[in-house]
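Trainee: Sequence and predicted model, in that order:
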Amino acid sequence: FFVFVYWQAMPLFMAAGGLSLEMKKLLPYPIPAGALFGLEVLLRLSAGIEVLIVLAGVFTGLLCNPSVPLWGPLWLLPFALFNLLLSVGVRDLLVRLLARKGIREIAAFLLVMLAVLPRLVAYRLSSRDEMPAWFLALRHAAGRIVWPWTAAASLATGQMDVAQAAALAGWIVLAYVFARRQFDKAIRI
């Protein structure tokens, strides 16, 4: 989960989107949109190089663990692909949104609020004797979803489960559809 959050949020907080294609300069050339999309996905690696180093360490650690099958660490690759695709979509969406007048200020405000929200919720919950019903319902609902990071972690540690693999594949498909739509919108601008 923290790898996912870092990969998606750090380029936003650091105002460093990494390397990216300048579509306005490339559109006159007869380059297929699919090739440009593939290049954009590969360029997202520059925004998450620290995460790739951490994943390489996890990969190596899992390979050295005798209780993990040799195929286990390979499940980190689909997780990295999911993050790359999602990163393309998030970046293209934010570039388009922040180009609008007035949206930048609202986005900055929401980003600050998003950064403060976990601490505020933790403080409010720690000052109570029991958890509020809405928080327990939210936690229960979130626990029923097979998140991409939990699916990848289970599979990478050798717990081969078809449902987990299908969930991870589903998340990759959703990330691809989101990224491709945002990329296509960015091309049309």
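Mentor: In hand now; what should we look at?

Trainee: When you work out contacts or count neighbours from here on, use the C-alpha atoms and nothing else.
Mentor: Noted.

Trainee: other SSEs contacting the helix of greatest length in the chain?
Mentor: Counting residues, the longest helix found in the chain (DSSP state H) is helix 162-188. When contacts are defined as 3 or more C-alpha pairs under 8 Å, 6 or more residues apart in numbering; DSSP states H and E, helix 162-188 packs onto helix 23-26, helix 33-43, helix 76-98, helix 148-156.

Trainee: Mean pLDDT lowest where, among these?
Mentor: When the helices and strands packed on helix 162-188 are compared by mean pLDDT, helix 23-26 comes last with a mean of 70.

Trainee: now the angle between helix 148-156 and the helix or strand hosting residue 50, please.
Mentor: Here residue 50 sits within helix 49-64, counting by DSSP states H and E. Following axes from the mean of the first three to the mean of the last three C-alpha atoms, to 10 degrees, one obtains 30 degrees for the angle between helix 49-64 and helix 148-156.

Trainee: Adjust the sequence numbering to begin at 48 for everything that follows.
Mentor: Understood, numbering begins at 48; the last thing we discussed is helix 96-111.

Trainee: how distant is the longest helix of the chain from the center of its chain?
Mentor: In terms of C-alpha atoms, centre = their mean, to the nearest Å, the centre of helix 209-235 is set 11 Å apart from its chain centre.

Trainee: Direction-wise, compare it with helix 123-145 and give the angle.
Mentor: 30 degrees.

Trainee: Would you mark the buried spots in helix 209-235?
Mentor: For helix 209-235, the neighbour count (16 or more other C-alpha atoms under 10 Å) marks 211-212, 214-216, 218-219, 222-223, 225-227, 229-230, 233-234 as buried.

Trainee: same check, this time on stretch 137-153
Mentor: Within stretch 137-153, the residues that count as buried by 16+ other C-alpha under 10 Å are 137, 138, 139, 140, 145.

Trainee: Using CSV, lay out these together with distance to residue 193.
Mentor: CSV is the format used below for the buried residues of stretch 137-153 (distance: C-alpha to C-alpha, whole Å):
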residue, distance to residue 193
137, 21
138, 25
139, 26
140, 25
145, 32
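
Trainee: Out of these, flag the one nearest to residue 197.
Mentor: residue 137 (21.1 Å; C-alpha to C-alpha).
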